[in-house]
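K.L.:
This is the structure alone, sequence omitted:
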């Protein structure tokens, strides 16, 4: 990993020789978003609570109505309104997950798009920048208040930097975010390169993102094609629309099909033991060791009977 970082620094120092910027500046700008810069929940709470909270715009009046319609038209895996109120839900839904995110300003409709292999850490680090980094997003959050921002998960993906960067570039090209200083995913955050440097960065990433790279379709392109297909299905409809993740018919294909029956008569069906235990947030053995035992297990105060579907 150290060799890769050194190579990356040497490359960027070479292409930026014409710019009046020091090595320390390059290191600071490129690597300050890493895990060691993460903050704890107590610090996060203090940061959010110290920020101004102006009144939220009325979504039914004039320009505000158009801004809220713009937000509603953005396809996303999840949307969290008010960064202070939704902080717990944001961290819960992003822990140990990778993907592309967006910060949306309810006051003016502007937004920022980024990606990370750990969205929870990225969210905390972004909040730590407010009042300490002079970039468009933290400055806007400080000006308009975290209560007037929406945090969106545009897409979850595999925890792979190249995939995250490829998808981020796709969404930057699609939405053209105003708060992103650079329009090239994976480049220095907050640093305005010259046109020549941007051209070189594009060439640096072009191979991995090109659909005919190495005469084979890359994994990134497959993901982007999948994204386009999902968008089509959302617009045209699908018989399994609304069933995502653990409840989707495709989830856990090939596993032991499980039926959960509650003491209140509720019946839930899952394609695998793993899908079941994730939905109920219990151990794998809690489900597997009680299949067809006709003995109920207690989950959050409710008795459930575990059966395998024959």
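P.N.:
Structure's in. What do you need? Since the structure is predicted, the reported quantities are computational estimates derived from the model, not experimental observations.

K.L.:
Dihedrals phi and psi, the nearest residue to residue 163 once chain neighbours are set aside?
P.N.:
Once flanking residues are discounted, residue 163 sits nearest to residue 157: 5.3 Å by C-beta to C-beta, 6 or more residues apart in numbering. Yep, even glycine has a C-beta here, placed from its N, CA and C like the rest. Main-chain dihedrals, residue 157, degrees, to the nearest 10: phi -150, psi 180.

K.L.:
hey, where'd the strands end up in the chain?
P.N.:
78-81, 98-105, 111-116, 149-157, 258-262, 267-270, 297-299, 302-308 (DSSP state E).

K.L.:
any chance of the ones you listed in CSV, with distance to residue 219 too?
P.N.:
Shown next, in CSV, are the strands of the chain (distance: least, C-beta to C-beta, whole Å):
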stretch, distance to residue 219
strand 78-81, 24
strand 98-105, 14
strand 111-116, 15
strand 149-157, 10
strand 258-262, 31
strand 267-270, 28
strand 297-299, 38
strand 302-308, 35
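
K.L.:
And those strands, which one averages the lowest pLDDT?
P.N.:
Lowest mean pLDDT of those: strand 267-270, a mean of 86.

K.L.:
and it, which residues are buried?
P.N.:
residue 270 (16 or more other C-beta atoms under 10 Å).

K.L.:
In its sheet, which strands sit next to it, and in what direction?
P.N.:
strand 258-262 (antiparallel) (DSSP bridges).

K.L.:
Identify all contacting residues around the strand it pairs with.
P.N.:
267-270, 272-273, 275-276, 280, 287, 291, 302-309 (C-beta atoms under 8 Å, 6 or more residues apart in numbering).

K.L.:
Is there a quick ChimeraX command that grabs whichever of those residues are buried?
P.N.:
Filtering these down to the buried ones (16+ other C-beta under 10 Å) takes a single ChimeraX command:
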select :270,272,273,275,276,280,287,304,305,306,307
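
K.L.:
thinking again about what came up before, quick one: closest of the strands of the chain to residue 124.
P.N.:
Across the strands of the chain, residue 124 has its closest neighbour in strand 111-116 (10.8 Å, C-beta to C-beta).
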